[in-house]
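Trainee: quick check, what structure comes out for this input:
(one chain, ligands or ions: 1)
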Amino acid sequence: MIAFQNVAHDYGGGPLFRDATLKLETGSFHFLTGPSGAGKSTFLKLCYGELIPSEGTVSLLGQDMNAMSRDELARTRQKIGIVHQDCQFLDHLTVEQNVALPLSVTGRPVSGDNLADLLAWVGLSGQARSLPPTLSGGERQRTALARAIIASPEVLLADEPTGNLDWDMSQRLMSLMIELNRMGTAVLIATHDLNLIRFVKTQVPTRVLRIARGEVQTAGAEL
Ligand SMILES: Nc1ncnc2c1ncn2[C@@H]1O[C@H](COP(=O)(O)OP(=O)(O)OP(=O)(O)O)[C@@H](O)[C@H]1O
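Mentor: Predicted coordinates:
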């Protein structure tokens, strides 16, 4: 699905990590952890081609993203759903319009039934016509999840999706991601929250990657 080959990234102040070689397989569930500033968001940006690595290659479905034209990259990115750390909604559009955006901006049809089903799945049928500034933190995250998956991506990337949520809402959001993974979507979640990782590990086979001391390591069994 996503493969890193000898990847290093450096913004100019020394490499955050180097020589990262790993694969996120189809249907897998990964966490990415590590201290603040270690490079988790950077790693996710490399996964979806927002950043080009300083060294090495990142490929999606066997294609080197660095070698793609802008159009190819845009098409390839349609296979990836992203839940950003800060959600990034268009505040003048309703929840359902925001959720439909990945389809509507690329000229793909939006089925009203599918949209309604998706909003029901994330528990937001009652907020379909609400504007983003009126939503609670949990509602925003579930809206962001619905928007990330409306185009049926093959992989879902989420950056600290439970950052501002209480434990009940965090579990609810994780349960949706587990359900999605069981339906075949590969999931990669960046988080500081080890309790969240423990919660998911009891339910689905999970690998934990950790950025530490300039390396992306597979975390041990201590979690
Ligand atoms: N565009 C950029 N230009 C220069 N430095 C950057 C840029 N983006 C991030 N950095 C730096 O790279 C380092 C890693 O940032 P990143 O956001 O990837 O870390 P993180 O592990 O996701 O952190 P957090 O857990 O606090 O969100 C930080 O020191 C950050 O200041």
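
Trainee: for the rest of this, base every contact and every neighbour count on C-alpha atoms.
Mentor: Noted.

Trainee: give me the contacts around stretch 73-90.
Mentor: 48-49, 60, 65, 98, 132, 140-141, 144-145, 147-149, 151-161, 163 (Cα atoms under 8 Å, 6 or more residues apart in numbering).

Trainee: what about the helices in the protein?
Mentor: Secondary structure of the chain (DSSP state H): helices at 40-47, 70-77, 95-104, 112-121, 137-149, 167-182, 194-201.

Trainee: tell me who's in contact with the residue most central in space within the chain.
Mentor: The residue lying closest to the centre of the chain (Cα atoms, centre = their mean) is Leu157, at 1.5 Å. Residues in contact with Leu157 (Cα under 8 Å, 6+ apart) are 44, 80-83, 187-189.

Trainee: 7 Å - rerun?
Mentor: Applying Cα atoms under 7 Å, 6 or more residues apart in numbering, one finds that Leu157 lies in contact with 44, 81-83, 187-189.

Trainee: any idea how far Leu93 is from it?
Mentor: 24 Å (Cα to Cα, to the nearest Å).

Trainee: tell me the residues of this structure that contact the ligand?
Mentor: Within the chain, the residues that sit near the ligand (Cα under 6 Å from any ligand atom) are 11, 36-42.

Trainee: farthest-separated two in these?
Mentor: Tyr11 and Ser36 (15.9 Å; Cα to Cα).

Trainee: how far is the lowest-mean-pLDDT helix or strand in the chain from where the chain is centred?
Mentor: Ranked by mean pLDDT, DSSP states H and E, the weakest helix or strand in the chain is helix 70-77, scoring a mean of 88. A distance of 17 Å separates the centroid of the chain from that of helix 70-77, by Cα atoms, centre = their mean, to the nearest Å.

Trainee: now do stretch 104-122
Mentor: 19 Å.

Trainee: over to that stretch now: how far is its first residue from its last?
Mentor: 20 Å.

Trainee: in that stretch, what's buried?
Mentor: 110, 115, 118-119, 122 (16 or more other Cα atoms under 10 Å).

Trainee: contact partners for Pro109?
Mentor: The contact partners of Pro109, taken as Cα under 7 Å, 6+ apart, are Leu103.

Trainee: repeat for Leu51
Mentor: Going by Cα under 7 Å, 6+ apart, Leu51 touches Lys45.

Trainee: returning to that earlier point: got JSON lines for the buried residues of stretch 104-122, with distance to Ile197 and pLDDT too?
Mentor: Below are the buried residues of stretch 104-122 laid out as JSON lines (distance: Cα to Cα, whole Å; pLDDT from 0 to 100):
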{"residue": "Val110", "distance to Ile197": "34", "pLDDT": "85"}
{"residue": "Leu115", "distance to Ile197": "30", "pLDDT": "93"}
{"residue": "Leu118", "distance to Ile197": "25", "pLDDT": "92"}
{"residue": "Leu119", "distance to Ile197": "26", "pLDDT": "94"}
{"residue": "Val122", "distance to Ile197": "21", "pLDDT": "90"}
